[in-house]
Each structure stands twice: as C-alpha cells, then as structure tokens.
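Engineer: need a 3D model of the sequence below.
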Amino acid sequence: MSGGMALEQRREALELACAALDGLGDELWSAQGTDLGPLLTLVDEVGSRVGAGRVAVLAEAVERGEASGGTTGAQRWLRDHAPSLRAGGSAPVVAVVEHTRLPRYALLRAAVLEARVPVVHAACVVDEYERIGHRLHPAAQGPVMETLVGIAAESTRRDIRAVRRRLVARYGHDGEFQGEQDRLHERTSMSQPMDDGSGLYEYRLVADAEGRAVLEAAVQALSAPRPADGQPDRRPSGQRRFDALVEVVRRGVASADHVPTTAKAELFVTMDLDELSARVGAGTVFGSGDVGGLLGPETVRRIACDAGVVPVVLGSSGEVVDLGRRHRFFSSAQVRALWLRDGHCSFPGCSVPASWFDAHHLWHWADGGPTDLEHAALLCGRHHTVVHARGFHGTVREGRVDWDLTPGAYDSWLAQRRARCADMLAAPPASAAGSPSGQVACASARVFDEWGQVATTAGARPAPPWRP
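Structural biologist: Sure thing, here's the model as predicted:
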C-alpha cells in the first residue's frame, strides 16, 4: 500500500480488501494449482498488516484520549471496535501499544508498524525485555533489543524466550548470571518419599542448572535400552531413567571406602578462555541430555576440579585450546595422599569423611595452577561450592590447609602472585635465577604467559564492546 495514500483512500482500499476476501472460497475452483500458493501468500501478507493496523489505530486513540483509562480502558475500546478480539487477543495489542511508546522500544515499534514482527511476537519481546532489561549493562541494551527484534521477525515465541538466560549471561552486569544460578540453587530440593499405600514411593526433585546437567550426564549414559538374551528392552523411558539413577547411587555408595576405578559419566562444558578467567559469560553443556544448558563461570570453575567434568576451553577465535587437560586432574595416588594428609573435609569445623570428597585446586587450573598436593585440598560438596562462591583461599602449610575466609581472598592472592610473576618475567634477578625459589617463580611466570595472564597484570583485561 502506497505511503502517499490519503486516509479516505485507505478506508476505501480496506473496504475493497474485505470485499475481495468475502466469499473467496467460492471462486477458487477457477484457479490453477500453481496459483494457490501465491494467493495464500498475499492473503497472509494482508493478515500481517492487520495486526500492524490495529496497533497504529489503538496507539492514536490512546494518544488522543479516545481510549482513556489505562490498560483497562484501552482493552475496552479495542474490544468495542474490534469485535473479533472480544473472545481473546486484545491483551498483546494493548501491551505493545503501551510499551512501544517508550524510547527503548522504538526499534520494536517500527518493526511492528512495518509488519515485520507479528503483534504476538512483539508482546513476547516486551515481556522478555521487562524481565531482563534492568539486569543488563546500559551499553548492551540496544544490542539486546536488536537481537530480540531479529528473532521475533524470523522465529517463534518459544525461540524468543529461549535466549533470555543466554542474553543475561552475555550482556548482564558482572556476576549477574552467576548470582542468578546461586539464588536458584537455594531453591533446589528433594522431598522425603511419599507412600501411596501400593508399595510405590514418590519423590519430588527440584534441580538447578548444574544439578540437571550432572544428573543428565550420569543418567543418560546408563538409561539407553539394553536388550538381553536376544529380547528387546521393553522398559519405558521413565523406568530406564529410574533404574539408571539407582545404579549411579549404588556405584557411589559402593565406592565410599576406596578411590573409584571405573570411569565417571562425563559432562562436557565449552567456555571462552578469556571469559572463564574473567568470570563472565557462561559455559555451554554439550554431549549429554542437557545439551545447550548454561552454567555460570564460577560454577564451571568449581566443577572443573572434578575429572568427570571435561572443560573444553575456546580461544579468541573459537579454536579449542584445552580439551580437559585430563593429566592436570588429580590422580588416584594424589587423592589417596590427600585422604592421608587432610583426613576429612579441610574447611574449618567440617568433619565430612574423606571418602565423600571433592579434590579442590587451591590455585585454579583456569588461572594456570598446577595439579599437585601443594595446591590441593579435600572439600565436601557443600564447602566446595561455598569456597568458589565466596572466593575463599587456602594455603598448605606444614601438611595442613589454612583457610583465609575473607570474601575475595583468592582473587587478592592471585593478583599478588601475577604481579610477582610479571616482575620476574620482566627482569629476573641474576642472583635468584639459579636458586630453587627463583626457578619456581620463573616457571610460574611462564605458566601465566602461556595462559595469556601476564599481559593483564599491568591493567584490567580489555572490556568487551558492550561493557563500559
């Protein structure tokens, strides 16, 4: 429709369009088969412009005070003059009109009025942005809106909602995504068994992203159909998953008194090396039933202490720079030595037996730390989470782990170590170069150089373009 048409001409054209569609089915007998597709495309184009027209007219009515009374008044006016919406469908139109009056929705408003984004999709964009807008860096709000509008123009509402967590991980305030995962972890639960009197027991399990990823990695490996004696496995999927979970628990209990020798179910997580070091962004799960799931950066750093989780670290161009470095995880011999040295969870006041341990890197592998007993400690699962979440730091002194429970202590220790290593790289003292301590310090400096750390000691890591 030409942009130069006067309002009266548009009214007449709309009346002609209604007349053209009225009784269309009675005339289709005369069409060639090849004509039907293009005809439907034209009808669909008219329909998409109807939604844009509803938004334009309602916005003008609201602006002039014809549809006064806020949301309720706008809905009432719309239903009075658009009878087809009386049974439902008015809410998205009203939501789009109300929100696209705001400057931050200018791009979305233009896309709707140009019929590039359907009204229901635009309402979904509004809903999603209202949920995450305040959680984003101010400089990232424009790119995020462009992303959402682009998805709305090409995909479904499900696709629009699916990117919420990834947008927060990518463009959120520092620590926003990790903080969300930490808060959600507080809502995880597993109920006591409920007996329905039939001999069956019901549990209710609520898992967070990390729990889901670990469970799926473990259960998926054991829940595939397993034929026996030439007969197919007729167990339904739910029963196979239950049997797999019980088998995982049995294996864990059976290994409580010794170091497990069987391979663990592996959870693969990809993450950009710079983001992992800077604790921003998110890791992406793949190779399990939770493919595509997102894990916060501190969560990835913590679970990467366990050899059952294989971190696939990506360089600046997306190339694989580290596929787990499995030789850097603690060996069975090292674990036995930790059992002997620590005896139980090394966190102050905790006495969980050593057999229920996590082997924790006191100097994290992502920061260039080695996997040796001097930089290792036993932690129960609960305190392993706490140490990473609060940034506590432990030091091995005289065969025991001393913990600094100051929040952020690890980052302070790491910054000091980087500074010392950078200084030694720049000008290693001649007197120290031949001494054991000087050799260790120089080796540490080379590790940081390999991982791209030294270049950042003089100043902060360059911020991504959306960050201030």
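
Engineer: what residues sit buried inside stretch 182-198?
Structural biologist: D182, L184, H185 (16 or more other Cβ atoms under 10 Å). Heads up, the C-betas are built off the backbone N, CA and C, glycines and all.

Engineer: just the residues you listed: which are in helices?
Structural biologist: D182, L184, H185 (DSSP state H).

Engineer: can you redo the residues you listed as JSON lines with pLDDT?
Structural biologist: Converted to JSON lines, these look like this (pLDDT from 0 to 100):
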{"residue": "D182", "pLDDT": "89"}
{"residue": "L184", "pLDDT": "90"}
{"residue": "H185", "pLDDT": "90"}
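
Engineer: returning to what we had before: tell me which of the buried residues of stretch 182-198 is nearest to E398?
Structural biologist: D182 (33.9 Å; Cβ to Cβ).

Engineer: which residue comes closest to that closest one once chain neighbours are left out?
Structural biologist: Nearest in space to D182, with sequence neighbours left out and distances taken as Cβ to Cβ, 6 or more residues apart in numbering, is A389 at 6.0 Å.

Engineer: count of neighbours near that neighbour?
Structural biologist: Around A389 there are 18 other residues, counting by other Cβ atoms under 10 Å.

Engineer: E12 versus that one, what's the distance?
Structural biologist: Here A389 is placed at a distance of 67 Å from E12 (Cβ to Cβ, to the nearest Å).

Engineer: residue boundaries of the strands in the stretch 151-300 of the chain?
Structural biologist: For the stretch 151-300 of the chain, strands defined by DSSP state E, counting those that start in this stretch occupy the ranges 189-190, 194-195, 201-202, 205-206, 267-272, 283-286, 294-295.

Engineer: among the ones you listed, show me which one is buried the most.
Structural biologist: strand 294-295 (a mean of 26; mean count of other Cβ atoms under 10 Å).

Engineer: let me know the pLDDT of P83.
Structural biologist: Reported pLDDT at P83 in the predicted model: 87.

Engineer: including distance to L21, could the ones in helices among the buried residues of stretch 182-198 go into CSV?
Structural biologist: Shown next, in CSV, are these (distance: Cβ to Cβ, whole Å):
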residue, distance to L21
D182, 55
L184, 49
H185, 55
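
Engineer: re the thing from before, hang on, isn't the residue nearest to D182 packed against P297?
Structural biologist: No. A389 lies out of contact with P297 (Cβ atoms under 8 Å); the separation is 11.6 Å.

Engineer: nearest to A152 among the buried residues of stretch 182-198?
Structural biologist: Nearest to A152 among the buried residues of stretch 182-198, counting by Cβ to Cβ, is L184 at 26.6 Å.

Engineer: not counting sequence-adjacent ones, nearest residue to R390?
Structural biologist: P407 (4.9 Å).

Engineer: what is the neighbour count of that neighbour?
Structural biologist: Applying other Cβ under 10 Å, I find that P407 has 11 neighbouring residues.

Engineer: that one looks like it's in a helix, true?
Structural biologist: No. Counting by DSSP: H, G, I helix; E, B strand; the rest coil, P407 falls outside a helix, being coil.

Engineer: phi first, then psi, for it.
Structural biologist: The phi/psi pair for P407 (degrees, to the nearest 10) reads phi -60, psi 130.

Engineer: that one is in contact with A389, isn't it?
Structural biologist: No. With contact defined as Cβ under 8 Å, P407 does not count as touching A389 (9.3 Å).

Engineer: what distance do you get for the residue nearest the centre of the chain to R170?
Structural biologist: By Cα atoms, centre = their mean, the chain has its centre lying nearest to L294, at 3.0 Å. According to Cβ to Cβ, L294 and R170 sit 10 Å apart.

Engineer: who touches both of the two?
Structural biologist: A282 (Cβ atoms under 8 Å, 6 or more residues apart in numbering).

Engineer: what is the rounded mean pLDDT of stretch 251-268?
Structural biologist: The pLDDT scores in stretch 251-268 average 56.

Engineer: where along the stretch 201-350 of the chain do the helices fall?
Structural biologist: Secondary structure of the stretch 201-350 of the chain (DSSP state H, counting those that start in this stretch): helices located at 209-222, 237-254, 273-278, 297-303, 332-342.

Engineer: apologies, that question was intended for the stretch 1-150 of the chain.
Structural biologist: According to DSSP H, counting those that start in this stretch, the helices that the stretch 1-150 of the chain contains are 7-21, 24-27, 33-64, 70-81, 90-99, 106-113, 119-132, 141-154.

Engineer: OK, contacts around the nearest residue to W403 once chain neighbours are set aside?
Structural biologist: Sequence neighbours aside, G394 is the residue nearest to W403 in space, at 4.8 Å (criterion: Cβ to Cβ, 6+ apart). The contact partners of G394, by Cβ under 8 Å, 6+ apart, come to S346, H360, L362, A377, V387, V401, D402, W403, D404.
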